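A.B. asks: following is a predicted model, sequence given first.
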Amino acid sequence: MTIPLTKLQNEIMTEFYNCAPHKVIFNKSQRNSLWSTATAKKDLDIEAIRVKCPALAHQIEKSYGSGNNIQSAVFSECVYAQTLANMIHLDTFTNCLDNHNFIPEKIAELLKSYNLFPRYAYSNSNKSRILIQAGGCNGIDSALITVPDLNIYTIEFKERGAKTCEPNLPKYNEDGKLRITDEFLNNYPQFKQMLLEQKDLNFFDIMGSNENNFSPESVNIAVTNNYVKKYADVVCTEDVDGYLVMLPANQISLWAEIVGEIRPAGKNHYYVWTPEALKKFIQEKGGEIDNSVVTIKKSNLGIRRARGGYGKISGYKINSLFFVYKRDCTDSGEDIEFDLHNVQQLNPTIAGKIYFKNLKYNKVKKYYFY
């Protein structure tokens, strides 16, 4: 039995599928190439990129100016938003980061209520309709707004392989056991069932690997209910042929393989919060601790390489959960020394992951609109 569309989903998807199908303006291979060049800070033809996708050009310029790398997902957001704007004839581009007064006051207030902070806008000539490309970790990627009546459709942009959300889990104690706190569940209720299914998980037992053993039901909840107070009406992604596709956000599991994941070692790291466990791991590696100074054979440690650093060693791994930056070490050749207080510990995370492996524009259109 087909799940019915909400009124908003039906309206925006009807308009979308009444348009001629559009391939995304830069396909995944092209985006990967641009991203690799941009993260290496090599020369790009920014003006050529600006002609096709001014938001992407601006993001690259910001990256070059700040020295910070762009996330590859940002490339896709810019490309998908521009492709959608092209489809529905929103031909005027505005950089809201530089033009703060472009968004009408009542629209700005509406966006705030959705935790949407405008980055870029795509509008028609009289500004009666605006597609907002937004920023902010707690908001939707985009909103299509009809200005006179404040009608709003919320839109997520997702690559063919993507995480819906990957928050830090609460820091575990010296025993390494997963902690489930009320604060975390209040902020991320969509992960409650996944966490309850792994309530006995011990990060010290599984370090070096990820936990993916979850029921389909718990992962579907995590993927569908991606936000605390709201969810997107629709999701835009690309199909196997590179065409932009629109799907109801609450029906992703019909079109994608969905996977749950807990990572003992996420991307964020902090000063060590389980010092006794750290000392134990160092001693197991043959290290000696004098007061807070560690002496250990370099050959007993792993190597941590800088992201985008072309193989440059940035630090040494005690194990998959703990590392120390090379700059904080004294290297005597065979041994290295460092202070325990300089060791970093990686925080565990939880996520729902989506893989649109066999998605086809025509199949989606036929399913919802015979």
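C.D. replies: Noted; the coordinates are in hand.
A.B. asks: direction included, what does the helix or strand bottoming out on mean pLDDT in the chain pair up with?
C.D. replies: For the chain, the helix or strand with the lowest mean confidence is strand 161-165, at a mean of 86 (criterion: mean pLDDT, DSSP states H and E). Applying DSSP bridges, strand 161-165 is found paired with strand 349-355 (antiparallel).
A.B. asks: what residue ranges in the stretch 51-200 of the chain score low on pLDDT?
C.D. replies: Low-confidence segments of the stretch 51-200 of the chain (pLDDT under 70): 135-139.
A.B. asks: again, only this time at 90
C.D. replies: 62-75, 97-101, 104-105, 108, 110-117, 134-141, 148, 162-165 (pLDDT under 90).
A.B. asks: show me the helices in it, by range?
C.D. replies: Ranges of helices in the stretch 51-200 of the chain, per DSSP state H, counting those that start in this stretch, are 54-66, 72-87, 105-113, 182-187, 192-197.
A.B. asks: buried sites along the next helix or strand after the last one?
C.D. replies: Right, the one you point to is helix 192-197. The element immediately downstream of helix 192-197 (helix or strand, assigned by DSSP states H and E) is helix 203-206. Buried positions in helix 203-206, judged by neighbour count with 16 or more other CB atoms under 10 Å: 203-204, 206. All C-beta spots, glycine's among them, are computed from the backbone N, C-alpha and C.
A.B. asks: what of stretch 54-69?
C.D. replies: 54-60, 63-64.
A.B. asks: would CSV of these with distance to residue 99 be doable?
C.D. replies: As requested, the buried residues of stretch 54-69 are exported to CSV (distance: CB to CB, whole Å):
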residue, distance to residue 99
54, 12
55, 13
56, 18
57, 16
58, 12
59, 16
60, 19
63, 20
64, 21
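A.B. asks: to residue 369, which of the helices of the stretch 51-200 of the chain lies closest?
C.D. replies: helix 72-87 (15.6 Å; CB to CB).
A.B. asks: shouldn't residue 296 be within a helix?
C.D. replies: No. Under DSSP: H, G, I helix; E, B strand; the rest coil, residue 296 sits outside any helix and is assigned strand.
A.B. asks: from residue 278, how far off is the residue nearest to it when sequence neighbours are not counted?
C.D. replies: Nearest non-adjacent residue to residue 296, counting by CB to CB, 6 or more residues apart in numbering: residue 287, 3.5 Å away. Using CB to CB, to the nearest Å, one gets 10 Å for the distance from residue 287 to residue 278.
A.B. asks: between the buried residues of helix 203-206, which sits nearest residue 291?
C.D. replies: Using CB to CB, these come closest to residue 291 at residue 204, 25.0 Å.
A.B. asks: and the residue lying closest to that closest one once chain neighbours are set aside, backbone torsions?
C.D. replies: With sequence-adjacent residues excluded and distances taken as CB to CB, 6+ apart, residue 204 is closest to residue 176, at 3.5 Å. When read as degrees, to the nearest 10, the backbone of residue 176 gives phi 80, psi 0.
A.B. asks: quick one: residues contacting the residue nearest to residue 296.
C.D. replies: Residues near residue 287 by CB atoms under 8 Å, 6 or more residues apart in numbering: 294-297, 300.
A.B. asks: which of the residues you listed are buried?
C.D. replies: 294-296.
A.B. asks: export these as CSV, with columns for distance to residue 72 and pLDDT.
C.D. replies: Shown next, in CSV, are those (distance: CB to CB, whole Å; pLDDT from 0 to 100):
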residue, distance to residue 72, pLDDT
294, 36, 97
295, 40, 97
296, 36, 97
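A.B. asks: just send those residues back as TSV, with distance to residue 130 too.
C.D. replies: As requested, the buried ones among the contacts of residue 287 are arranged in TSV below (distance: CB to CB, whole Å):
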residue	distance to residue 130
294	57
295	61
296	58
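A.B. asks: tell me the domain ranges of the protein?
C.D. replies: With domains defined by automatic domain parsing, the chain comprises 7-162+229-260+357-368, 165-224, 269-346.
A.B. asks: any idea how far apart the tips of the last one sit?
C.D. replies: Okay, so that is domain 269-346. Terminal residues of domain 269-346 lie 4 Å apart, using CA to CA, to the nearest Å.
A.B. asks: the longest one now?
C.D. replies: Domain 7-162+229-260+357-368 has an end-to-end distance of 13 Å (CA to CA).
A.B. asks: can you give the distance of that domain from its chain's centre?
C.D. replies: 14 Å (CA atoms, centre = their mean, to the nearest Å).
A.B. asks: do the same with the shortest one
C.D. replies: Centroid displacement of domain 165-224 relative to its chain, using CA atoms, centre = their mean, is 18 Å.
A.B. asks: ok, residue 2 - how many residues close by?
C.D. replies: By other CB atoms under 10 Å, 8 other residues sit near residue 2.
A.B. asks: surely it meets residue 370?
C.D. replies: No. Residue 2 lies out of contact with residue 370 (CB atoms under 8 Å); the separation is 10.2 Å.
A.B. asks: buried stuff in stretch 326-346?
C.D. replies: Here stretch 326-346 shows 326, 328-329, 335-338, 340, 343-346 as buried, counting by 16+ other CB under 10 Å.
A.B. asks: can you flag which of these belong to strands?
C.D. replies: Of these, the ones assigned to strands by DSSP state E are 335-338, 344-346.
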